[in-house]
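Undergrad: turn this into a model:
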Amino acid sequence: MQVEYYPEFLTATILRWQHLLKDDNCKQIILDSLQWLVKEGKCKVHAFVIMPNHIHLIWKISNGFTRQEVQAAFFSFTGHEFKKYLKENNSSVLEQHYVNDADRVYQFWERDSLYKECFTENFLMQKLEYIHKNPCAPHWNLAVVPEQYKWSSASFYFLNDDRFSWLSHIKE
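TA: Numbers count the residues shown, from 1 in each chain. Now for the predicted structure:
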């Protein structure tokens, strides 16, 4: 039986809330992964923000795929790329992610990411606003206005910025 997914608000956190994503190269790995998922038709990405230790997304899993498959592809790709990048450029940060579990040596993401299906337009718009305002929160202070933060879809919505051509508008 094929599942029809609603748009989902996803929060994924870096292991032990470490600030791995302060590094712009790690942020770019996230964007590359999202772009690949969209190109492969696995999902549509409607909004995102990359914070120093977590990300928020609004995405919609495509028909024919499961949430588990798409999330696994995202976490696997980013994990491998983080490891490769850190091995070459910052081995001390890589060691902070050493876990030596039965199924992995390094871990970058906390298990059990939080997702909430957006059943109503009101909830969906609330999450979109939350994503875009997150960098402006006083405890982060990463931008004065949402569209100023480079690692977010806010400029796509507020300025019609086409830098993230793989994004789909929330109204589509």
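
Undergrad: summarise which helices and strands the longest helix along the chain is packed against.
TA: Of all the segments of type helix in the chain, defined by DSSP state H, the longest one is helix 67-89. Contacts defined by 3 or more CB pairs under 8 Å, 6 or more residues apart in numbering; DSSP states H and E place helix 67-89 against strand 8-13, helix 24-39, strand 54-61, helix 91-95. No exception for glycine: its C-beta is placed from N, CA and C like everyone else's.

Undergrad: can you tell which of these is closest to Ala47?
TA: strand 54-61 (4.3 Å; CB to CB).

Undergrad: now find how far off-centre the closest one is within its chain.
TA: Its chain's C-alpha centre and that of strand 54-61 lie 5 Å apart, by CA atoms, centre = their mean, to the nearest Å.

Undergrad: CA atoms only for that strand, dumped as PDB, please.
TA: Provided in PDB are the C-alpha atoms of strand 54-61 (Å, rounded to 0.1, in the frame of the first residue of the first chain):
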ATOM      1  CA  HIS A  54      20.600  21.400  14.200                       C
ATOM      2  CA  ILE A  55      18.500  21.800  11.100                       C
ATOM      3  CA  HIS A  56      14.800  22.400  10.500                       C
ATOM      4  CA  LEU A  57      13.100  21.400   7.200                       C
ATOM      5  CA  ILE A  58       9.700  21.400   5.700                       C
ATOM      6  CA  TRP A  59       9.700  18.700   3.100                       C
ATOM      7  CA  LYS A  60       7.200  16.300   1.500                       C
ATOM      8  CA  ILE A  61       8.200  12.800   0.800                       C
END
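
Undergrad: which outside residues touch that strand?
TA: When contacts are defined by CB atoms under 8 Å, 6 or more residues apart in numbering, strand 54-61 is touched by residues 5-14, 17, 21, 30, 34, 42-49, 67, 70, 118, 124, 127-128, 130-131, 134, 170.

Undergrad: tell me the mean pLDDT over it?
TA: Strand 54-61 shows a mean pLDDT of 98.

Undergrad: relative to helix 24-39, how tilted is it?
TA: Calculated by axes from the mean of the first three to the mean of the last three CA atoms, to 10 degrees, strand 54-61 forms an angle of 10 degrees with helix 24-39.

Undergrad: starting from strand 54-61, tell me which strands it pairs with and how they run.
TA: Pairing partners of strand 54-61, with direction, according to DSSP bridges: strand 8-13 (antiparallel), strand 43-50 (antiparallel).

Undergrad: just give me how far the first one sits from the chain centre.
TA: The chain centroid and the centroid of strand 8-13 are separated by 7 Å, computed with CA atoms, centre = their mean.
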